[in-house]
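**Q** What shape does this take:
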Amino acid sequence: MNDFSRRAFIFGGATAVSALVFVTVNELGSYALADLPEPDAKPSTVTIIEFGDDGQRLRSVQRQKIRKTKAEWKKQLSVDSYGVTRRAGTESPETGELVHEHRAGIFRCICCDNALFSSSAKFESGTGWPSFWEPIAPENLYEKMDTSFGMVRREVKCTLCDAQLGHVFSDGPDPTGLRYCMNSVALRFCERKNA
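**A** Next up is the predicted model:
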């Protein structure tokens with residue numbers, strides 16, 4: 001074995017082990033965090049844009065923010081969906097069912113069914129998570145600063161129910177240059193039947 005291939009083998013192996021350690025620590029750390037506090041019982045009204053399952057924009061509506069207890073969310077969601085959406089966890093890369101979803105349709109919030117992304121804005125980012133270059137309507141989600149794990153990131157949350165969906169980065173394709181890196185377990189895909 002020559003020096004170059006020996007170095008490539010060593011550095012490649014070290015990189016793979018480092019990535020595995022990072023993902024494992026991130027996974028364990030996010031699920032080890034205490035549950036987020038119970039929601040404030042005070043109602044608040046938000047404006048969202050409703051979409052049909054065919055992807056057609058229906059109307060702008062005002063809705064009461066969806067508030068549920070931890071027990072109610074746990075009853076409604078799978079363990080993984082609860083860990084991501086209600087406890088700000090992250091699924092491991094390449095494990096989500098929607099990573100390579102290419103059918104025409106829309107992606108809705110797993111918690112409240114709010115329309116979040118269209119398949120027309122989805123792209124293969126190579127990161128192992130479903131990625132989009134823009135939301136279906138900016139009103140339907142919001143961003144919050146996330147400083148967990150010693151990083152500064154922009155967390156993406158559902159406007160209607162405050163579910164944590166993933167993060168947005170500035171390394172996406174044109175026309176926005178954004179990459180909304182979402183967790184599959186935070187989304188529900190609705191195929192467009194008339195596509």
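**Q** Return the distance of whatever helix or strand residue 46 lives in from the chain's centre.
**A** Per DSSP states H and E, residue 46 falls inside strand 45-51. How far strand 45-51 lies from its chain's middle: 19 Å, per CA atoms, centre = their mean, to the nearest Å.
**Q** Summarise which helices and strands it is packed against.
**A** The helices and strands touching strand 45-51, judged by 3 or more CB pairs under 8 Å, 6 or more residues apart in numbering; DSSP states H and E, are strand 57-64, strand 115-118. (C-beta placed from N, C-alpha, C; glycine too.)
**Q** Deepest-packed of those strands, please.
**A** Highest mean neighbour count among the helices and strands packed on strand 45-51 (mean count of other CB atoms under 10 Å): strand 115-118, with a mean of 25.
**Q** Direction included, what does that strand pair up with?
**A** strand 105-109 (antiparallel) (DSSP bridges).
**Q** For the partner strand, the averaged confidence score.
**A** Strand 105-109 carries an average pLDDT of 97.
**Q** now stretch 168-184
**A** What stretch 168-184 shows for mean pLDDT is 96.
**Q** Go through it and flag the buried ones.
**A** The neighbour-count check on stretch 168-184 (16 or more other CB atoms under 10 Å) flags 168, 169, 172, 178, 179, 180, 181, 182, 183, 184 as buried.
**Q** and that stretch, how far apart are its ends?
**A** Stretch 168-184 has an end-to-end distance of 15 Å (criterion: CA to CA, to the nearest Å).
**Q** got the contact list for that stretch?
**A** 84-85, 90-91, 95-99, 107, 116-117, 123, 125, 127, 129-135, 143, 153-154, 156, 165-167 (CB atoms under 8 Å, 6 or more residues apart in numbering).
**Q** run the last query once more with 7 Å
**A** The contact list for stretch 168-184 (CB atoms under 7 Å, 6 or more residues apart in numbering) reads 84, 90-91, 96-99, 117, 123, 125, 127, 129-135, 143, 154, 156, 165-167.
**Q** In helices, which of these appear?
**A** Using DSSP state H, the subset of the contacts of stretch 168-184 located in helices is residue 84.
**Q** from the contacts of stretch 168-184, which would you call buried?
**A** Applying 16+ other CB under 10 Å to these, the neighbour count classes 84, 90-91, 96, 98-99, 117, 125, 129-135, 156, 165-167 as buried.
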